[in-house]
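**Q** Just to be clear, the model below is a prediction. Sequence and coordinates:
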Amino acid sequence: MTKIGTDLNQKEEFLKKEDFYKNIVRKLSAIREQTELGGGKKAIEKQKAKGKLTARERIAKLIDEKSVFYELNTFTAHEIYEEWGGAPSAGTVYGVGEIHGKKHLIVANDATVKAGAWFPLTAKKNLRAQEIAMENHLPIIYLVDSAGVFLPLQEDIFPDKEHFGRIFRNNAQMSAMGIPQIAAIMGPCVAGGAYLPIMSDEALIVEGEGSVFLAGAHLVKAAIGEVIDNESLGGAHVQTNISGVTDYVMKNDEECLQMIRNLVDKKGPTPRFGFNRTKPVKPKFDPKEIYGILPEDQLKQYDTYELLARIVDNSEIDEYKPDYGQTIICAYARIDGWSVGIVANQRKIVKSAKGEMQIGGVIYSDSADKATRFIMNCNQKNIPLVFLQDVTGFMVGSKAEHGGIIKDGAKMVNAVANSTVPKITIIVGNSFGAGNYAMCGKAYDPRFIYAYPNAKISVMGSAQAGGVLLDIKMKQLQKEGKDFSDADKKKLADQIRKAYDDSSSALYAAARLWVDEVIDPAKTREYISMSLEVADHNPIMPKFNVGVIQT
């Protein structure tokens with residue numbers, strides 16, 4: 001084992017960077033607190049006046065006391081549906097929590113946001129929740145309280161493959177896979193949405209508030225002329241005692257949540273894959289020191305070994321090919337006791353075996369070759385992979401092209417794409433271009449993908465993209481016969497770069513579900529450990545096969 005890390009606390013540069021990053025984390029926390037208010041204080045008071053709990057309160061009462069609920073995709077739809085008054089968290093709260101010591105995926109409609117109506121991103125978020133449950137064989141609980149599809153945007157939520165109907169297809173497939181599903185109807189459950197709880201294994205309904213029907217009283221009257229109220233049409237006692245659609249009638253939210261806990265408590269053991277885990281050992285360095293390692297300027301260099309020293313157990317690694325392909329660090333280590341294979345971009349300028357200087361954060365042929373072989377080794381040994389992305393892309397230029405950079409990059413992408421062990425990705429800083437793909441971006445099916453608050457995700461950096469976009473814009477203006485002064489050109493360049501930076505931010509990515517959550521860097525170990533524990537619930541490991549790889 002190799003000890004890594006040095007004491008950085010006393011350095012002025014460290015303290016300056018620490019203050020900068022802590023401020024970013026504070027700003028994100030403020031946005032999170034506002035998001036967690038859902039539809040706002042008035043909407044919350046209105047819900048409580050009915051004797052109902054909010055979505056997050058329901059989850060808090062459902063999970064074990066003093067346990068942690070890992071909320072995911074908190075920032076979904078952030079600043080996206082503003083013309084409709086906004087939809088914080090897309091009106092849905094979901095994440096991983098423990099019930100009687102057993103991990104569950106919990107999904108709750110937030111009725112304070114447009115009565116829990118489904119926006120296009122609500123469907124995408126629910127599908128991501130189900131995807132996590134299916135990939136990891138994780139039991140799932142639905143707390144249903146929704147008015148159905150948000151009709152002004154129905155064409156973007158109803159008919160396509162990855163739209164609303166896919167939810168019920170997944171219900172059916174999860175049942176066939178043997179993944180337990182429990183649904184609690186704690187409010188309206190209308191039209192197509194009625195299938196979700198009824199396609200679950202067991203369905204509970206809260207009297208007086210819960211209702212389930214394909215068409216509500218108003219639509220029934222319009223369609224067939226029958227006059228009836230919603231409670232008589234599909235209320236709790238009707239659907240449990242007359243139709244037999246639901247299984248349990250509950251008096252209120254609290255009784256309903258306790259009944260779910262009772263049902264979970266009786267469940268038999270869950271098979272595990274059994275990934276290697278030993279007693280956890282804390283790093284030798286405080287994980288909060290990560291704030292002082294990451295640079296204020298995303299393009300500045302830093303030593304990734306210092307980052308790793310605050311994440312891995314006992315701050316020690318077994319490094320694979322340490323002196324070869326040094327712009328990617330490959331190492332075996334433990335994180336909270338879990339055995340992992342780490343693939344991390346080295347952001348410090350390094351010297352190759354040939355004595356050439358290599359830019360940190362860039363993938364060269366030798367580093368791609370090393371990473372490919374390491375990924376294959378981890379699959380051979382059933383060791384989960386952790387990718388730490390801070391990559392500006394693959395090396396370009398005649399020397400790189402003549403050396404076969406495309407071929408070596410393709411080998412790495414092939415290995416990542418076909419890897420069958422669980423993959424956890426953390427976007428630490430930059431995630432640009434094909435580097436995003438090679439380092440297991442969202443398109444390569446990581447079990448979980450997280451981002452640090454100051455991460456950037458785009459096809460290239462803002463400086464390069466800004467230059468290209470400015471050149472295109474200037475040519476357009478020239479064709480129109482417009483003259484621009486240097487001051488006008490600088491102003492336009494600044495506007496272009498700011499817009500590009502905004503659209504490549506971690507928050508922008510989280511709003512669109514490109515990452516599962518924006519996390520506090522100090523909690524990196526915690527999130528990786530939770531993700532691996534969830535992944536261990538799937539006892540099935542497909543055979544690893546990379547197909548054809550050019551040598």
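**A** Alright, I've got the coordinates.

**Q** Check the spacing between I132 and E57 real quick.
**A** Note on I132: its distance to E57, by CB to CB, to the nearest Å, is 23 Å. In this view, the C-beta of every residue, glycine as well, is placed from N, C-alpha and C.

**Q** Who has more neighbours out of the two?
**A** Under the neighbour definition other CB atoms under 10 Å, I132 and E57 were set side by side, and I132 has more, 22 against 16.

**Q** what about R166, is that helix, strand or coil?
**A** At R166, secondary structure determined by DSSP: H, G, I helix; E, B strand; the rest coil is helix.

**Q** Contacts only, for it.
**A** Shown here is R166, whose contacts under the criterion CB atoms under 8 Å, 6 or more residues apart in numbering are A123, L127.

**Q** And G95, by the same measure?
**A** I59, F69, Y70, E71, L72, L105, I106.

**Q** Select from those residues the one having the most neighbours.
**A** Neighbours here are counted as other CB under 10 Å. On that basis the top member of the contacts of G95 is I106, with 25 neighbours.

**Q** Around the closest residue to it other than its chain neighbours, count how many other residues there are.
**A** Distances taken as CB to CB, 6 or more residues apart in numbering place I141 nearest to I106, at 4.9 Å, with adjacent residues excluded. Applying the criterion other CB under 10 Å, we find 26 residues in the vicinity of I141.

**Q** Double-check that I141 belongs to a strand.
**A** Yes: using three-state DSSP, the secondary structure at I141 is a strand.

**Q** And it, how close does it get to L53?
**A** For I141, the distance to L53 under the criterion CB to CB works out to 15 Å.

**Q** OK, contacts around D247?
**A** If you count contacts by CB under 8 Å, 6+ apart, D247 has them with E202, A203, L204, T240.

**Q** Same question for W84.
**A** Contacts were defined as CB under 8 Å, 6+ apart; by that measure W84 touches K114, F119, F150, P152, L153.

**Q** give me the number of residues near the last one?
**A** This means L153. L153 is flanked by 17 other residues according to other CB under 10 Å.

**Q** who's in contact with S67?
**A** Taking CB under 8 Å, 6+ apart as the contact definition, S67 lies against G97, E98.

**Q** Give the helix, strand or coil label for it.
**A** Assigned state for S67: coil (three-state reduction, three-state DSSP).

**Q** same question, L204
**A** strand.

**Q** ok, Y81 to T112 distance?
**A** Distance from Y81 to T112, by CB to CB: 15 Å.

**Q** Check G40 too.
**A** G40 sits 7 Å away from T112, going by CB to CB.

**Q** ok, the two, which is more surrounded?
**A** It is T112, of G40 and T112, that has more neighbours when counted by other CB under 10 Å, with 25 against 15.

**Q** Ramachandran angles for that one?
**A** Dihedral pair for T112: phi -80, psi -10, per degrees, to the nearest 10.

**Q** quick one: contacts for it?
**A** Counted by CB under 8 Å, 6+ apart, T112 has contacts G38, G39, G40, A43, I44, K46, Q47, T54, A55.

**Q** so how far is L53 from it?
**A** When CB to CB is applied, the distance between T112 and L53 equals 11 Å.

**Q** And R26, by the same measure?
**A** Taking CB to CB as the measure, R26 falls 29 Å from L53.

**Q** Neighbour count: these two, which is higher?
**A** Ranked by neighbour count (other CB under 10 Å), R26 and L53 place L53 first, with 22 against 10.

**Q** got a pLDDT number for the residue nearest to the more buried one when sequence neighbours are not counted?
**A** In this structure, L53 finds its nearest non-sequential neighbour in D253, 4.6 Å apart by CB to CB, 6+ apart. Per-residue confidence at D253 stands at 97 (pLDDT).

**Q** Check Q478 too.
**A** Note on Q478: pLDDT of 69.

**Q** Check C189 too.
**A** Looking at C189, its pLDDT stands at 87.

**Q** excluding its backbone neighbours, what's nearest it?
**A** Sequence neighbours aside, V212 is the residue nearest to C189 in space, at 4.2 Å (criterion: CB to CB, 6+ apart).

**Q** now swap in F275 and tell me
**A** Leaving out its chain neighbours, the residue that sits closest to F275 by CB to CB, 6+ apart is D536, at 5.2 Å.

**Q** Am I right that that neighbour is in contact with T270?
**A** No: using CB atoms under 8 Å, D536 makes no contact with T270, being 9.7 Å away.

**Q** Comparing the two, which shows the higher neighbour count?
**A** The residue with the greater number of neighbours, taking D536 and T270 and applying other CB under 10 Å, is D536; the counts read 21 against 14.

**Q** Contacts only, for the more buried one.
**A** With contact set as CB under 8 Å, 6+ apart, D536 has these partners: R272, F273, G274, F275.
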